[in-house]
Every structure is written in C-alpha cells, then in structure tokens.
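Visitor: For reference, the sequence and a predicted model appear below.
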Protein chains: 2
Amino acid sequence: MHERASAGQTEPRTQSQTQRAASELRRMIVSNELPPGSNYLETELAQMLDMSRTPVREATLMLEAQGLLKVRPRRGVQILSISPDDMEEIYQILTELECLAAERVAEMGADSKTLEPLREATQRMEEALERDDREAWAAADEDFHETLVVLSDNRRLKAIIDTYNDQVRRARALTLYIRPVPNKSNDDHRALIQALEKGDALLARKIHREHRIAAKSLMISLLRKHGFHQV
Amino acid sequence: MHERASAGQTEPRTQSQTQRAASELRRMIVSNELPPGSNYLETELAQMLDMSRTPVREATLMLEAQGLLKVRPRRGVQILSISPDDMEEIYQILTELECLAAERVAEMGADSKTLEPLREATQRMEEALERDDREAWAAADEDFHETLVVLSDNRRLKAIIDTYNDQVRRARALTLYIRPVPNKSNDDHRALIQALEKGDALLARKIHREHRIAAKSLMISLLRKHGFHQV
DNA sequence: GTATATTTTAATGCATACATAAATAAATGC
DNA sequence: GCATTTATTTATGTATGCATTAAAATATAC
C-alpha cells in the first residue's frame, strides 16, 4: 500500500487537508470510484472533499507526479487510464525492481526468522486458494511482494514500486476473477523463499524474474483478450 | 536532463509560475546554488523567484515528490543531502533500470543507424579524454546513458532514471576531478554497443551491469575516502 | 544556574478574491 | 446555412489575508 503519511520523524499529529486530499483521491482512483478517463474540475473535487481549492490543487500536483492523473490547463484533472502498452512498461519496471529486491534479500543472508512473514503470506495464499477466495488470495499475494521489497531495505525502491503498483491496481482487480487459478504463484513463492534461505542471489533473481514475467504475460493477454484497451 | 516542460501535447505556450519555480529550484539544487542541508522559508524562495508563495509551495511539493527537498511543517524546506548509503540505494536502482534499458534495446534488434547516437557519444567521450577535458567527458557520458534509456522506449523508465540522476548529480560533479581517468568506461561503452548490435540481450545486460556496479563502487569509495558523508 | 511555565513571535495551511485567458455562445457577414 | 468574428462565460493561476500553532523568547520558580 501507499503510506506516505508515516515516513519521517516530525509528523504533524493532525494531518493536513492537502494530505487528506491526496490520500482520499488516491483511494478513490485506485478503487475505481473516479474511473479512468473521467474529468473533474478543481471546484468539484473541492466540494467532494469539503475543502477549498488550494489543498485540492496541491494534492493533484502530487498525484500527477505519481502518474495517477493529469492536470490539464483549463479542462480539469483527468484520471489516467492504462493501456496494455502502459502495462507492459510498468510490469517491465516492476519485474526489474522486484528482482533487485529478491537478489538483495538473498545477498544479505536473511535468517529464517526474517523470512517468516514471507512464509506466512504464502500460507495465507494457499489457504485462500483452497477456500476459492480470490480477494484474500490477492491480498496475501500483495503482502508477499510488499514484504519482499521491505526486506530488501531500500526505501527508494519501496517508494517506486508502491507508486507503480498503484497505477496497475485497477487492472489487477479487473483480471482477478477471469484469470486461471493461480496455483503456480504459490509454488513460485515457496521456491523463492528456499533460494533466499540458501542465500543464492542468482537463483532468487532467476525464480522471481520468471514469476514476474509470467504474471506480466498473463495480465496483458487477459486484458487484450477481454478487450480492455484502456483500464 | 529533466525536461518536464515538453512532455505532453497541449502545453500552455507561456509556462506557469509554478513550472518556472519548479525548474528554477531544480536547477539551483542540482547546481549546488542551494546547497544540501540548507533551509529556506517559503517567503524567501518566493522573493528569490519574484513571485508569491502559492506557486513556490506548489513547486516545492513537486520537488519533494522527486526527492530533492523536504517540506518540513514550520521549518521551511530543506535541501536534501545524499549520504553514501543513499548513493548505494540510488545506484542499485539506476543499475537495475539501465540494465533493463540495455536488454530492451538489444531485444528490439536496433539497427546500426539507431545506435549511431551511442557511437557518437562514445566518440565524444574519447576525444574529451584525449584533451583531458573532464567536463566534456562527463557530459558525453551522460548523453550516452540518456540515449540508451531513450532507445529502450519506455517513458516511465526514462522518468524514474531522470529523477534519480538529479539526486546524484551533485555527488558526481564532486568526484569528477578526484576520480582516476575513466578509460575503462569508454571501452565498456564500445563493448555494449557491440552487444546491442548483435542483439545479444544477455550479454548487453552483463556488460552494462558490470559497468554500473564498477561506477557505483568507485563513487562510493571516493565519497568515503574524501570524507563526504553528506553531499 | 537550571528547569518549567508563560508570553510573544512568526511561518504555515488554508480560504478567498480577482485577473487572465480558454472555451463556449452569440452575432454578424456572406 | 456556413464561416468568421465578437461577446460572454468560467476555470484556472496567482496573490493575499488571516487563523492556527509551532518555535522562540521571556519570565517565574526552585
């Protein structure tokens, strides 16, 4: 997830309107409440959020920097949609950066206890699959990937990956129920954990790379097959 | 470089104060005019740029998203400094992403003409080295790396790499004259071009990875050796 | 002299006002 | 009826005002 709030040390205990606007708008965008392609005037958003235009403007500038929307001179802000080509771009980047994370975790010789959250997430994925609960599976899968990146101990890496995950969240939600049962993913995760335990950085990278490339191909072919040209 | 200005299609022909503030501040930060660690009140920056606080505020939020400064509740904005550990984080990311770029260029089977700008930049690097002109060498080197990323045809990849290059630009300028003569870099570039021509993605990745890892090690050891704990 | 409480100062966060210019509508010419 | 010009509307970009509250300064207690 995106937790811009708890980054530093001297946080103002009461979050500013700008922060609230940013997190509310982000939530509404990734949850499809503000659908891709739709347009909003600053005044409209200000009314929706019950604040003045100033913090709304500031928030939209931040979200524009994160690639979620585009501020267009006199036409309001437009919620950006994602095409299969965009997905390709984003998944290339995510693949690469998560592989870096996997490599780093293996290299730093994480002990068995450190890797426990990964095992736990994988366990939840398996249980969710048995119940045929795809939402729970997706949540656990996301936890796994997030934990992997957190363990790699590179704040900037985490920030980039969070940003781009936000951009593809809608598309993932869309394919969740039309994709085949993700048995392979769970196996991949187990294999990765083993490689991490052995400290085999090359193997970890290889396993995760294949895992992510498969996910990318599946996602893009699903979007194409179902005619989702813009999500 | 960072050319946020000419991104889209419907640009307002006269750039806004906010844009001007953002590009001016970015320039002043990467050129060390606003040195790392220094603090400025919104009012001061507004006076420096001869505009009101509003566009300055908006610009600082954008630059904060790009990791160049930190807006601190009542203490003004602080120009962020980079420690060797930060350099490690950033170079890890840049290494990974530039290797992706190299791989992609090789995969897409770029013809000899497409690769010409790379050859041209390498040529300029060599000529600069013979004249012992380090500034020119660095500029050509940067062109090479930028061209590689542009050729990979992934806008988001370009944007991330630009952002993080901005963060390390000061540090690179600082080590330019204390580093050994960069003969090896030129050879690496020639070797990479060959791999790209052959369409050998794995080799391109390998060569560029080693090139970047060497650059990282050199940079960090130079910073440490010369006691630059914060740049 | 140090620590705590109180007062003062001032920087920010936000709302609002307004000029500018884009977009739309109306008017005019043909 | 269509094209071009003019007038009108309106969303934004920017400046400004003000309340809030953190920080600094001062005063008080010990």
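Guide: Cool, got the structure. Source: prediction; values computed, not measured. Residues are numbered from 1 along each chain as shown, chains lettered A, B, ... in the order given.
Visitor: where in chain A is pLDDT low?
Guide: A:1-13 (pLDDT under 70).
Visitor: check which helix or strand covers residue A:168.
Guide: helix A:155-175 (DSSP states H and E).
Visitor: Buried residues of that helix, list them for me.
Guide: Using 16 or more other C-beta atoms under 10 Å in any protein chain shown as the burial criterion, the residues of helix A:155-175 that qualify are A:156-172, A:174-175. Bear in mind the C-beta positions are built from the backbone N, C-alpha and C, glycine included.
Visitor: mind checking the SS state of residue A:77?
Guide: Under DSSP: H, G, I helix; E, B strand; the rest coil, residue A:77 falls in the strand class.
Visitor: and it, what does it touch?
Guide: A:39, A:40, A:42, A:45, A:60, A:64, A:69, A:70, A:71 (C-beta atoms under 8 Å, 6 or more residues apart in numbering or on different chains).
Visitor: Reformat those as CSV; add distance to residue A:98.
Guide: Output for the contacts of residue A:77, formatted as CSV (distance: C-beta to C-beta, whole Å):
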residue, distance to residue A:98
A:39, 33
A:40, 33
A:42, 36
A:45, 33
A:60, 29
A:64, 25
A:69, 25
A:70, 27
A:71, 30
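Visitor: are any of those residues buried, and which?
Guide: A:40, A:42, A:45, A:60, A:64, A:69, A:70.
Visitor: Looking at those, which are in helices?
Guide: A:42, A:45, A:60, A:64 (DSSP state H).
Visitor: What ranges does chain A have for its strands?
Guide: A:39-40, A:69-72, A:76-79 (DSSP state E).
Visitor: Determine the number of other residues adjacent to the residue nearest to residue A:58 when sequence neighbours are not counted.
Guide: Leaving aside its sequence neighbours, residue A:58 sits nearest to residue A:18 (C-beta to C-beta, 6 or more residues apart in numbering or on different chains; 4.5 Å). When neighbours are counted by other C-beta atoms under 10 Å in any protein chain shown, residue A:18 registers 19.
Visitor: Out of the contacts of residue A:77, the closest to residue B:134 would be?
Guide: Nearest to residue B:134 among the contacts of residue A:77, counting by C-beta to C-beta, is residue A:64 at 37.2 Å.
Visitor: hey, what's the nearest residue to the closest one once chain neighbours are set aside bridged with?
Guide: Excluding the flanking residues, the one nearest residue A:64 by C-beta to C-beta, 6+ apart is residue A:71, at 5.2 Å. Beta-bridge partners recorded for residue A:71 (DSSP bridges): residue A:77.
Visitor: Kindly provide the distance from residue A:71 to residue B:58.
Guide: 10 Å (C-beta to C-beta, to the nearest Å).
Visitor: returning to what we had before: quick one: which of the contacts of residue A:77 is nearest to DNA strand C?
Guide: residue A:42 (9.4 Å; C-beta to the nearest atom of the strand).
Visitor: That closest one and residue A:61 touch, don't they?
Guide: No: here residue A:42 does not reach residue A:61: they are 11.2 Å apart, not a contact under C-beta atoms under 8 Å.
Visitor: who's in contact with the most centrally placed residue in chain A?
Guide: Compute the mean C-alpha point of chain A, and by C-alpha atoms, centre = their mean the closest residue is residue A:165, 2.2 Å away. By C-beta under 8 Å, 6+ apart, the residues touching residue A:165 are A:94, A:142.
Visitor: Quick check: the gap between it and residue A:16.
Guide: 25 Å.
Visitor: swap in residue A:128?
Guide: For residue A:128, the distance to residue A:16 - C-beta to C-beta - is 37 Å.
Visitor: out of the two, which sits in the busier spot?
Guide: Just comparing residue A:128 and residue A:16: by other C-beta under 10 Å the higher neighbour count belongs to residue A:128, 20 against 13.
Visitor: Run through the residues that contact that one.
Guide: Counting by C-beta under 8 Å, 6+ apart, residue A:128 has contacts A:134, A:136, A:137, A:139, A:140.
Visitor: what's the closest non-adjacent residue to residue A:156?
Guide: The nearest residue in space to residue A:156 (C-beta to C-beta, 6+ apart) is residue B:89, at 5.0 Å.
Visitor: Pull up the residues of chain A that are close to DNA strand D.
Guide: A:10, A:12-14, A:41-43, A:53-54, A:57, A:71, A:73-77 (C-beta under 7 Å from any atom of the strand).
Visitor: Generate a PyMOL selection restricted to the buried subset of those.
Guide: Written as a PyMOL command, the selection of buried residues from the residues of chain A next to DNA strand D, which uses 16+ other C-beta under 10 Å, is:
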select buried, chain A and resi 42+54+57+76+77
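Visitor: What residues does chain A have near DNA strand C?
Guide: Counting by C-beta under 7 Å from any atom of the strand, chain A sits next to DNA strand C at A:12, A:16-18, A:51-55, A:58, A:73-75.
Visitor: Sort out for me which of the contacts of residue A:128 are in helices.
Guide: A:134, A:136, A:137, A:139, A:140.
Visitor: So among the residues you listed, which ones count as buried?
Guide: By 16+ other C-beta under 10 Å, the ones in helices among the contacts of residue A:128 give A:134, A:137, A:140 as buried.
Visitor: give me every residue that touches residue A:195.
Guide: A:102, A:106, A:203, A:204, A:207.
Visitor: restrict the residues you listed to those near chain B?
Guide: Counting by C-beta under 8 Å from any C-beta of the partner chain, nothing from these sits close to chain B.
Visitor: Can you tell me the number of residues neighbouring residue A:130?
Guide: Neighbours of residue A:130 (other C-beta under 10 Å): 9.
Visitor: Run a quick check on residue A:40 versus residue A:34, I expect a contact.
Guide: Yes: between residue A:40 and residue A:34 there is a contact under C-beta under 8 Å: 7.1 Å.
Visitor: list residues touching both of the two?
Guide: Contacts common to residue A:40 and residue A:34, judged by C-beta under 8 Å, 6+ apart, are residue A:79.
Visitor: just to revisit the earlier point, among the buried ones among the ones in helices among the contacts of residue A:128, which one sits closest to residue A:112?
Guide: residue A:140 (20.0 Å).
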